[in-house]
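**Student:** Could you look at this predicted model? Sequence included:
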Amino acid sequence: MAKSPKKIFPKEPISKKELAITKPKQQVLSKPQQTFNRLTKKIEKLQQEIANTSRILDEKLAFYGENIHPLEKQLVALRRQTLQLLLPYYTNKKLLPKKDKKILRDVLAEQLNDVLSFSDEEPDEELKKAFEAVEGVKYEEAQQQDFDQMKSEMTEIFEEFGFQMNFDELCPDMSPEEMMEQMQTMEEKLLQQAQDLDQEVPDRKKSKKLLEREEREKQAAEVKSKSISRIYKQLAKVLHPDLEQEAELKAYKELRMRELTTAYEKNDLHTLLRLELEWIEKEEANLEKLTDDKLKIYNEVLKEQIADLEEESFSLMQHPRYQPLLRLAMFPGEVKIMNLARKKNELNEMLEDLESSIARLKGENAFDEVIGIINLFKLLY
(Lines give C-alpha, C1' and ligand atoms only; values in the text may rest on other atoms or scores of the structure.)
Protein backbone atom coordinates (compact mmCIF):
# COMPACT_ATOMS: atom_id res chain seq x y z
CA MET A 1 0.00 0.00 0.00
CA ALA A 2 1.34 3.45 -0.88
CA LYS A 3 2.34 5.61 2.04
CA SER A 4 0.50 8.83 2.78
CA PRO A 5 2.25 11.96 1.44
CA LYS A 6 1.74 13.59 4.82
CA LYS A 7 3.93 10.95 6.42
CA ILE A 8 6.65 11.40 3.82
CA PHE A 9 6.51 15.21 3.92
CA PRO A 10 5.52 16.54 7.36
CA LYS A 11 4.05 20.01 7.76
CA GLU A 12 7.01 21.13 9.88
CA PRO A 13 9.93 22.35 7.72
CA ILE A 14 12.97 20.09 7.92
CA SER A 15 16.30 21.70 8.75
CA LYS A 16 19.27 20.71 6.61
CA LYS A 17 20.54 17.47 8.05
CA GLU A 18 24.15 16.40 7.92
CA LEU A 19 24.62 13.79 5.21
CA ALA A 20 26.05 10.77 7.02
CA ILE A 21 25.86 6.99 7.13
CA THR A 22 25.01 5.55 10.56
CA LYS A 23 24.78 2.06 12.05
CA PRO A 24 23.88 0.60 15.43
CA LYS A 25 26.63 1.01 18.05
CA GLN A 26 27.73 -2.62 17.87
CA GLN A 27 28.40 -2.41 14.11
CA VAL A 28 31.48 -0.79 12.55
CA LEU A 29 31.29 1.30 9.39
CA SER A 30 33.29 0.05 6.42
CA LYS A 31 36.19 2.16 5.12
CA PRO A 32 34.18 3.49 2.13
CA GLN A 33 31.36 4.43 4.54
CA GLN A 34 33.83 6.21 6.85
CA THR A 35 35.35 8.00 3.86
CA PHE A 36 31.89 9.01 2.64
CA ASN A 37 31.06 10.55 6.03
CA ARG A 38 34.43 12.34 6.21
CA LEU A 39 34.10 13.79 2.70
CA THR A 40 30.52 14.95 3.15
CA LYS A 41 31.46 16.58 6.45
CA LYS A 42 34.32 18.41 4.74
CA ILE A 43 32.01 19.58 1.94
CA GLU A 44 29.52 20.96 4.46
CA LYS A 45 32.36 22.73 6.28
CA LEU A 46 33.67 24.28 3.06
CA GLN A 47 30.19 25.38 2.01
CA GLN A 48 29.70 27.04 5.39
CA GLU A 49 33.12 28.73 5.18
CA ILE A 50 32.31 30.10 1.71
CA ALA A 51 28.93 31.37 2.90
CA ASN A 52 30.51 33.03 5.96
CA THR A 53 33.31 34.58 3.91
CA SER A 54 30.83 35.92 1.34
CA ARG A 55 28.74 37.45 4.12
CA ILE A 56 31.79 39.09 5.74
CA LEU A 57 33.09 40.43 2.42
CA ASP A 58 29.68 41.80 1.44
CA GLU A 59 29.41 43.57 4.81
CA LYS A 60 32.89 45.06 4.36
CA LEU A 61 32.07 46.10 0.80
CA ALA A 62 28.93 47.88 2.02
CA PHE A 63 30.95 49.66 4.74
CA TYR A 64 33.55 50.60 2.14
CA GLY A 65 30.96 52.07 -0.21
CA GLU A 66 29.31 54.14 2.51
CA ASN A 67 32.30 55.25 4.58
CA ILE A 68 35.60 54.85 2.74
CA HIS A 69 34.97 55.42 -0.96
CA PRO A 70 33.78 59.03 -0.42
CA LEU A 71 37.00 59.70 1.52
CA GLU A 72 39.07 58.11 -1.26
CA LYS A 73 37.51 60.48 -3.78
CA GLN A 74 38.47 63.42 -1.57
CA LEU A 75 41.97 61.96 -1.22
CA VAL A 76 42.37 61.66 -5.00
CA ALA A 77 41.34 65.30 -5.45
CA LEU A 78 43.80 66.49 -2.78
CA ARG A 79 46.67 64.36 -4.07
CA ARG A 80 46.02 65.73 -7.52
CA GLN A 81 46.23 69.28 -6.16
CA THR A 82 49.49 68.37 -4.40
CA LEU A 83 50.84 66.92 -7.65
CA GLN A 84 50.08 70.09 -9.63
CA LEU A 85 51.54 72.33 -6.92
CA LEU A 86 54.78 70.30 -6.68
CA LEU A 87 55.28 69.69 -10.41
CA PRO A 88 56.72 73.17 -11.26
CA TYR A 89 59.51 72.62 -8.70
CA TYR A 90 60.47 69.48 -10.62
CA THR A 91 60.18 70.81 -14.19
CA ASN A 92 62.02 74.08 -13.38
CA LYS A 93 65.71 73.24 -13.70
CA LYS A 94 66.90 76.10 -11.46
CA LEU A 95 64.80 75.68 -8.30
CA LEU A 96 66.29 72.50 -6.80
CA PRO A 97 69.65 70.69 -6.81
CA LYS A 98 69.80 67.34 -8.65
CA LYS A 99 69.62 65.18 -5.50
CA ASP A 100 66.52 66.94 -4.21
CA LYS A 101 64.94 66.91 -7.65
CA LYS A 102 65.45 63.14 -7.85
CA ILE A 103 63.69 62.67 -4.51
CA LEU A 104 60.90 65.04 -5.57
CA ARG A 105 60.41 62.90 -8.66
CA ASP A 106 59.82 59.88 -6.38
CA VAL A 107 57.31 61.94 -4.38
CA LEU A 108 55.47 62.90 -7.57
CA ALA A 109 55.53 59.30 -8.84
CA GLU A 110 53.92 58.15 -5.59
CA GLN A 111 51.24 60.84 -5.83
CA LEU A 112 50.57 59.88 -9.45
CA ASN A 113 50.28 56.20 -8.60
CA ASP A 114 47.75 56.92 -5.85
CA VAL A 115 45.68 59.20 -8.07
CA LEU A 116 45.60 56.67 -10.92
CA SER A 117 44.96 53.69 -8.62
CA PHE A 118 42.07 55.16 -6.66
CA SER A 119 40.42 57.27 -9.36
CA ASP A 120 37.13 55.98 -10.79
CA GLU A 121 37.80 57.63 -14.16
CA GLU A 122 40.43 57.46 -16.88
CA PRO A 123 43.13 60.17 -16.56
CA ASP A 124 42.43 63.43 -18.39
CA GLU A 125 44.93 65.35 -20.51
CA GLU A 126 46.26 67.37 -17.56
CA LEU A 127 47.04 64.21 -15.62
CA LYS A 128 48.57 62.51 -18.67
CA LYS A 129 50.90 65.50 -19.17
CA ALA A 130 51.95 65.27 -15.53
CA PHE A 131 52.59 61.53 -16.02
CA GLU A 132 54.77 62.19 -19.06
CA ALA A 133 56.73 64.90 -17.21
CA VAL A 134 57.44 62.60 -14.25
CA GLU A 135 57.86 59.21 -15.99
CA GLY A 136 59.40 60.43 -19.26
CA VAL A 137 56.94 58.47 -21.40
CA LYS A 138 53.36 58.98 -22.56
CA TYR A 139 50.70 57.38 -20.36
CA GLU A 140 49.23 55.21 -23.16
CA GLU A 141 52.69 53.99 -24.18
CA ALA A 142 53.56 53.06 -20.60
CA GLN A 143 50.28 51.16 -20.21
CA GLN A 144 50.85 49.25 -23.44
CA GLN A 145 54.49 48.47 -22.57
CA ASP A 146 53.54 47.05 -19.18
CA PHE A 147 50.74 45.01 -20.71
CA ASP A 148 52.91 43.67 -23.55
CA GLN A 149 55.59 42.64 -21.06
CA MET A 150 53.02 40.80 -18.95
CA LYS A 151 51.66 38.95 -22.01
CA SER A 152 55.19 38.04 -23.13
CA GLU A 153 56.08 36.63 -19.71
CA MET A 154 52.84 34.63 -19.55
CA THR A 155 53.42 33.24 -23.07
CA GLU A 156 56.94 32.08 -22.12
CA ILE A 157 55.68 30.38 -18.95
CA PHE A 158 53.01 28.40 -20.82
CA GLU A 159 55.39 27.48 -23.66
CA GLU A 160 57.79 25.95 -21.13
CA PHE A 161 55.03 23.46 -20.27
CA GLY A 162 54.18 22.77 -23.92
CA PHE A 163 51.07 24.95 -24.20
CA GLN A 164 50.33 27.47 -26.96
CA MET A 165 48.31 30.38 -25.60
CA ASN A 166 47.20 33.48 -27.51
CA PHE A 167 46.91 36.58 -25.34
CA ASP A 168 46.15 38.98 -28.20
CA GLU A 169 42.52 39.30 -27.12
CA LEU A 170 43.61 40.81 -23.81
CA CYS A 171 43.95 44.59 -23.79
CA PRO A 172 44.87 47.07 -21.02
CA ASP A 173 41.57 48.98 -21.12
CA MET A 174 39.47 45.93 -20.18
CA SER A 175 37.31 46.14 -17.07
CA PRO A 176 38.05 43.64 -14.25
CA GLU A 177 34.89 41.72 -15.20
CA GLU A 178 35.89 41.53 -18.88
CA MET A 179 39.39 40.45 -17.91
CA MET A 180 38.01 37.70 -15.64
CA GLU A 181 35.68 36.46 -18.39
CA GLN A 182 38.53 36.36 -20.92
CA MET A 183 40.80 34.52 -18.48
CA GLN A 184 38.10 31.90 -17.88
CA THR A 185 37.83 31.33 -21.64
CA MET A 186 41.59 30.92 -21.85
CA GLU A 187 41.53 28.52 -18.91
CA GLU A 188 39.02 26.33 -20.79
CA LYS A 189 41.31 26.31 -23.85
CA LEU A 190 44.25 25.41 -21.62
CA LEU A 191 42.37 22.49 -20.10
CA GLN A 192 41.43 21.26 -23.58
CA GLN A 193 45.08 21.39 -24.66
CA ALA A 194 46.06 19.46 -21.54
CA GLN A 195 43.47 16.77 -22.35
CA ASP A 196 44.65 16.61 -25.97
CA LEU A 197 48.26 16.17 -24.86
CA ASP A 198 47.22 13.42 -22.46
CA GLN A 199 45.30 11.59 -25.19
CA GLU A 200 48.34 11.67 -27.49
CA VAL A 201 50.15 9.23 -25.18
CA PRO A 202 49.48 5.66 -26.41
CA ASP A 203 47.83 3.33 -23.90
CA ARG A 204 50.69 0.87 -24.20
CA LYS A 205 53.08 3.46 -22.77
CA LYS A 206 50.89 4.24 -19.80
CA SER A 207 51.63 2.62 -16.49
CA LYS A 208 49.17 0.26 -14.86
CA LYS A 209 48.64 2.80 -12.08
CA LEU A 210 47.83 5.57 -14.58
CA LEU A 211 45.38 3.35 -16.46
CA GLU A 212 43.64 2.43 -13.20
CA ARG A 213 43.35 6.09 -12.26
CA GLU A 214 41.91 6.99 -15.65
CA GLU A 215 39.38 4.17 -15.34
CA ARG A 216 38.33 5.41 -11.89
CA GLU A 217 37.97 8.95 -13.23
CA LYS A 218 35.89 7.66 -16.14
CA GLN A 219 33.65 5.66 -13.81
CA ALA A 220 33.30 8.62 -11.47
CA ALA A 221 32.28 10.92 -14.33
CA GLU A 222 29.71 8.40 -15.58
CA VAL A 223 28.29 7.77 -12.12
CA LYS A 224 28.13 11.49 -11.37
CA SER A 225 26.20 12.19 -14.56
CA LYS A 226 23.86 9.23 -14.09
CA SER A 227 23.43 9.78 -10.36
CA ILE A 228 22.61 13.47 -10.69
CA SER A 229 20.05 12.76 -13.40
CA ARG A 230 18.59 9.77 -11.55
CA ILE A 231 18.28 11.53 -8.20
CA TYR A 232 16.78 14.63 -9.78
CA LYS A 233 14.14 12.70 -11.74
CA GLN A 234 13.31 10.51 -8.75
CA LEU A 235 12.90 13.40 -6.31
CA ALA A 236 11.15 15.68 -8.81
CA LYS A 237 8.30 13.17 -9.00
CA VAL A 238 7.60 13.26 -5.27
CA LEU A 239 8.53 16.90 -4.61
CA HIS A 240 6.69 18.59 -7.48
CA PRO A 241 4.26 21.05 -5.81
CA ASP A 242 1.71 21.32 -8.64
CA LEU A 243 -0.04 18.10 -7.62
CA GLU A 244 -0.32 19.14 -3.96
CA GLN A 245 -3.59 20.65 -2.69
CA GLU A 246 -2.74 21.45 0.95
CA ALA A 247 -1.23 24.96 1.24
CA GLU A 248 1.47 24.24 3.85
CA LEU A 249 2.62 21.05 2.17
CA LYS A 250 2.61 22.81 -1.21
CA ALA A 251 4.83 25.59 0.20
CA TYR A 252 7.18 22.97 1.69
CA LYS A 253 7.47 21.16 -1.64
CA GLU A 254 8.05 24.43 -3.53
CA LEU A 255 10.98 25.20 -1.21
CA ARG A 256 12.49 21.73 -1.61
CA MET A 257 11.88 21.76 -5.38
CA ARG A 258 13.77 25.04 -5.76
CA GLU A 259 16.67 23.61 -3.79
CA LEU A 260 16.58 20.44 -5.91
CA THR A 261 16.55 22.36 -9.20
CA THR A 262 19.40 24.65 -8.11
CA ALA A 263 21.53 21.66 -7.09
CA TYR A 264 20.76 19.91 -10.40
CA GLU A 265 21.73 22.96 -12.45
CA LYS A 266 25.01 23.27 -10.53
CA ASN A 267 25.79 19.52 -10.76
CA ASP A 268 25.95 19.60 -6.96
CA LEU A 269 25.88 15.90 -6.11
CA HIS A 270 26.37 16.53 -2.40
CA THR A 271 23.15 18.54 -2.04
CA LEU A 272 21.27 16.04 -4.20
CA LEU A 273 22.49 13.20 -2.00
CA ARG A 274 21.36 15.08 1.11
CA LEU A 275 17.90 15.62 -0.37
CA GLU A 276 17.80 11.98 -1.40
CA LEU A 277 18.74 10.94 2.14
CA GLU A 278 15.86 12.96 3.58
CA TRP A 279 13.49 11.26 1.16
CA ILE A 280 14.96 7.78 1.75
CA GLU A 281 14.63 8.16 5.54
CA LYS A 282 10.98 9.06 5.20
CA GLU A 283 10.57 5.87 3.21
CA GLU A 284 12.08 4.04 6.21
CA ALA A 285 15.24 3.12 4.35
CA ASN A 286 18.83 4.14 5.02
CA LEU A 287 22.02 5.20 3.26
CA GLU A 288 23.85 2.18 4.69
CA LYS A 289 22.15 0.05 2.02
CA LEU A 290 24.45 1.58 -0.60
CA THR A 291 27.12 -0.93 -1.60
CA ASP A 292 30.79 -0.21 -0.89
CA ASP A 293 31.58 -0.33 -4.63
CA LYS A 294 29.00 2.36 -5.32
CA LEU A 295 30.20 4.39 -2.34
CA LYS A 296 33.80 4.28 -3.60
CA ILE A 297 32.72 5.93 -6.84
CA TYR A 298 30.51 8.40 -4.96
CA ASN A 299 33.57 9.24 -2.88
CA GLU A 300 35.59 10.06 -6.01
CA VAL A 301 32.83 12.44 -7.10
CA LEU A 302 32.73 14.05 -3.66
CA LYS A 303 36.53 14.54 -3.76
CA GLU A 304 36.06 16.36 -7.06
CA GLN A 305 33.44 18.60 -5.47
CA ILE A 306 35.80 19.31 -2.55
CA ALA A 307 38.49 20.42 -5.02
CA ASP A 308 35.97 22.74 -6.73
CA LEU A 309 34.89 24.21 -3.38
CA GLU A 310 38.49 24.73 -2.28
CA GLU A 311 39.19 26.58 -5.52
CA GLU A 312 36.05 28.66 -5.05
CA SER A 313 37.07 29.48 -1.48
CA PHE A 314 40.59 30.47 -2.58
CA SER A 315 39.43 32.66 -5.46
CA LEU A 316 36.51 34.28 -3.63
CA MET A 317 38.53 37.12 -2.09
CA GLN A 318 40.20 37.84 -5.44
CA HIS A 319 36.91 38.28 -7.30
CA PRO A 320 36.63 41.61 -9.21
CA ARG A 321 33.60 42.46 -7.07
CA TYR A 322 35.92 42.90 -4.09
CA GLN A 323 38.65 44.79 -5.98
CA PRO A 324 38.09 47.98 -3.92
CA LEU A 325 38.83 46.01 -0.74
CA LEU A 326 41.88 44.32 -2.28
CA ARG A 327 43.42 47.74 -2.96
CA LEU A 328 43.42 48.43 0.77
CA ALA A 329 45.04 45.11 1.73
CA MET A 330 48.66 43.97 1.68
CA PHE A 331 47.60 40.53 0.41
CA PRO A 332 44.21 38.88 -0.45
CA GLY A 333 43.99 36.94 2.81
CA GLU A 334 44.04 40.19 4.79
CA VAL A 335 40.74 41.38 3.27
CA LYS A 336 38.61 39.15 5.50
CA ILE A 337 40.19 40.40 8.76
CA MET A 338 40.83 44.00 7.72
CA ASN A 339 39.71 46.68 10.19
CA LEU A 340 37.89 49.15 7.95
CA ALA A 341 36.93 51.45 10.82
CA ARG A 342 40.64 51.99 11.46
CA LYS A 343 41.21 52.54 7.73
CA LYS A 344 38.52 55.21 7.81
CA ASN A 345 40.24 57.01 10.69
CA GLU A 346 43.60 56.79 8.91
CA LEU A 347 42.08 58.30 5.76
CA ASN A 348 40.58 61.19 7.74
CA GLU A 349 44.00 61.90 9.26
CA MET A 350 45.62 61.80 5.81
CA LEU A 351 43.02 64.22 4.47
CA GLU A 352 43.72 66.68 7.30
CA ASP A 353 47.49 66.46 6.72
CA LEU A 354 47.11 66.96 2.96
CA GLU A 355 44.79 69.93 3.38
CA SER A 356 47.34 71.57 5.70
CA SER A 357 50.20 70.82 3.28
CA ILE A 358 48.26 72.22 0.31
CA ALA A 359 47.51 75.39 2.25
CA ARG A 360 51.24 75.84 2.91
CA LEU A 361 52.12 75.10 -0.74
CA LYS A 362 49.76 77.91 -1.73
CA GLY A 363 51.20 80.31 0.84
CA GLU A 364 54.21 82.60 0.99
CA ASN A 365 56.51 79.88 2.34
CA ALA A 366 55.68 77.30 -0.34
CA PHE A 367 59.35 76.56 -1.05
CA ASP A 368 59.92 75.67 2.61
CA GLU A 369 57.02 73.20 2.41
CA VAL A 370 58.56 71.60 -0.69
CA ILE A 371 61.89 71.17 1.11
CA GLY A 372 60.03 69.80 4.14
CA ILE A 373 58.27 67.20 1.96
CA ILE A 374 61.59 66.19 0.38
CA ASN A 375 63.28 65.82 3.78
CA LEU A 376 60.37 63.79 5.14
CA PHE A 377 60.57 61.48 2.12
CA LYS A 378 64.30 61.03 2.80
CA LEU A 379 63.54 59.87 6.34
CA LEU A 380 60.76 57.51 5.31
CA TYR A 381 62.53 55.91 2.36
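**Tutor:** Perfect, I can see it now.
**Student:** how about the helix or strand that contains Asn37: buried residues?
**Tutor:** Asn37 belongs to helix 31-63 when assigned by DSSP states H and E. Within helix 31-63, the residues that qualify as buried are 32-33, 35-37, 39-40, 42-44, 46-47, 53-54, 57, 60-61, 63, counting by 16 or more other Cβ atoms under 10 Å. In this view, the C-beta of every residue, glycine as well, is placed from N, C-alpha and C.
**Student:** cool, stretch 74-90 as well?
**Tutor:** 74-76, 78-83, 85-87, 89-90.
**Student:** how about JSON lines for those, with secondary structure, distance to Asp168 and pLDDT added?
**Tutor:** As requested, the buried residues of stretch 74-90 are exported to JSON lines (DSSP: H, G, I helix; E, B strand; the rest coil; distance: Cβ to Cβ, whole Å; pLDDT from 0 to 100):
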{"residue": "Gln74", "secondary structure": "helix", "distance to Asp168": "40", "pLDDT": "95"}
{"residue": "Leu75", "secondary structure": "helix", "distance to Asp168": "37", "pLDDT": "94"}
{"residue": "Val76", "secondary structure": "helix", "distance to Asp168": "33", "pLDDT": "93"}
{"residue": "Leu78", "secondary structure": "helix", "distance to Asp168": "40", "pLDDT": "96"}
{"residue": "Arg79", "secondary structure": "helix", "distance to Asp168": "35", "pLDDT": "95"}
{"residue": "Arg80", "secondary structure": "helix", "distance to Asp168": "34", "pLDDT": "94"}
{"residue": "Gln81", "secondary structure": "helix", "distance to Asp168": "40", "pLDDT": "95"}
{"residue": "Thr82", "secondary structure": "helix", "distance to Asp168": "39", "pLDDT": "95"}
{"residue": "Leu83", "secondary structure": "helix", "distance to Asp168": "35", "pLDDT": "95"}
{"residue": "Leu85", "secondary structure": "helix", "distance to Asp168": "42", "pLDDT": "96"}
{"residue": "Leu86", "secondary structure": "helix", "distance to Asp168": "39", "pLDDT": "95"}
{"residue": "Leu87", "secondary structure": "helix", "distance to Asp168": "37", "pLDDT": "95"}
{"residue": "Tyr89", "secondary structure": "helix", "distance to Asp168": "43", "pLDDT": "94"}
{"residue": "Tyr90", "secondary structure": "helix", "distance to Asp168": "38", "pLDDT": "93"}
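**Student:** Closest one to Leu116 out of the residues you listed, please.
**Tutor:** Leu116 has its nearest neighbour among these in Val76, at 9.1 Å by Cβ to Cβ.
**Student:** Contact partners for the closest one?
**Tutor:** 114-115, 118-119 (Cβ atoms under 8 Å, 6 or more residues apart in numbering).
**Student:** switch to 7 Å and redo it
**Tutor:** Val76 sits next to 115, 118-119 when contact means Cβ atoms under 7 Å, 6 or more residues apart in numbering.
**Student:** That one and Lys60, how far apart?
**Tutor:** To Lys60, Val76 is 21 Å away according to Cβ to Cβ, to the nearest Å.
**Student:** same question, Leu85
**Tutor:** Relative to Lys60, and taking Cβ to Cβ, Leu85 is found at 34 Å.
**Student:** what do you get for Gln48?
**Tutor:** Per Cβ to Cβ, Gln48 is found 19 Å from Lys60.
**Student:** go on, Val137?
**Tutor:** Per Cβ to Cβ, Val137 is found 37 Å from Lys60.
**Student:** Ok, Val301 next?
**Tutor:** Taking Cβ to Cβ, one finds Val301 at 34 Å from Lys60.
**Student:** what do you get for Met180?
**Tutor:** Distance from Met180 to Lys60, by Cβ to Cβ: 20 Å.
**Student:** mind listing what's buried in the helix or strand where Gln305 lies?
**Tutor:** Gln305 is located in helix 292-316, with elements delineated by DSSP H and E. Neighbour-count burial for helix 292-316 flags 295-302, 304-306, 309, 316 (criterion: 16+ other Cβ under 10 Å).
**Student:** Any regions of the stretch 101-250 of the chain where pLDDT drops low?
**Tutor:** The stretch 101-250 of the chain contains residues with pLDDT under 70 at 161-163, 165-166, 169, 172-173, 176, 183, 193-227, 243.
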